[in-house]
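Chemist: Here is a sequence together with a model predicted from it:
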Amino acid sequence: MKDECYKVAARYGVKSYVVANSFMNVPRDPLIERVIVPEGPDVADDWIAQRAMRGDVVVTQDIPLADRCVKAGADVIGPNGRAFTEASIGMALATRNLMTDLRSFGEQTSGPKPFSARDRSTFLSALDLAFARLKRAGF
């Protein structure tokens with residue numbers, strides 16, 4: 001989904017950050033910044049969550065990170081185009097925690113569905129909508 005994020009952010013002239021704990025190739029573009037954080041549990045998530053605020057768009061499939069960013073006021077979108085909001089994040093966390101508990105008891109779970117062309121389209125629409133809404137709001 002990174003390429004899609006780069007394209008939509010470029011269309012709106014928005015700075016993008018790619019945060020990881022190891023080197024990642026990113027396009028050479030002044031609007032794209034690669035941030036390499038130290039290795040460790042949740043270090044990249046902490047970097048993102050500590051800086052997320054109203055006017056930002058965060059793309060993640062990590063539910064706890066989504067929760068932290070929603071609470072900080074950011075717009076949060078999953079790679080399938082699902083928007084995480086104050087109204088939906090509680091159920092997403094509860095479902096994630098239930099699935100984690102089931103797996104810890106040895107239950108076989110199916111995991112996420114394969115990514116589809118429809119998911120890509122939904123994601124692009126949601127991302128474009130988020131940027132357009134923020135632009136109208138003056139961000």
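Modeler: Everything's here; your move. Numbers count the residues shown, from 1 in each chain.
Chemist: need the helix or strand of this protein with the lowest average pLDDT.
Modeler: helix 89-104 (a mean of 81; mean pLDDT, DSSP states H and E).
Chemist: I'd like the next helix or strand past that helix.
Modeler: Next helix or strand after helix 89-104 toward the C-terminus (DSSP states H and E): helix 117-136.
Chemist: which of the residues in that following helix are buried?
Modeler: The neighbour-count check on helix 117-136 (16 or more other C-beta atoms under 10 Å) flags 119, 122, 123, 124, 126, 127, 130, 131, 134 as buried. C-beta here means a position set from N, CA and C on the backbone, and glycine is covered the same way.
Chemist: One more: stretch 105-120?
Modeler: residue 119.
Chemist: Low-confidence regions, this structure specifically.
Modeler: Counting by pLDDT under 70, the ranges of the chain that qualify are 109-111.
Chemist: circling back to that earlier point, give me the contacts around the least confident helix or strand of the chain.
Modeler: 63, 64, 66, 67, 70, 76, 84, 109 (C-beta atoms under 8 Å, 6 or more residues apart in numbering).
Chemist: now the residues you listed: which count as buried?
Modeler: Buried subset of the contacts of helix 89-104 (neighbour count, 16+ other C-beta under 10 Å): 63, 64, 66, 67, 70, 76, 84.
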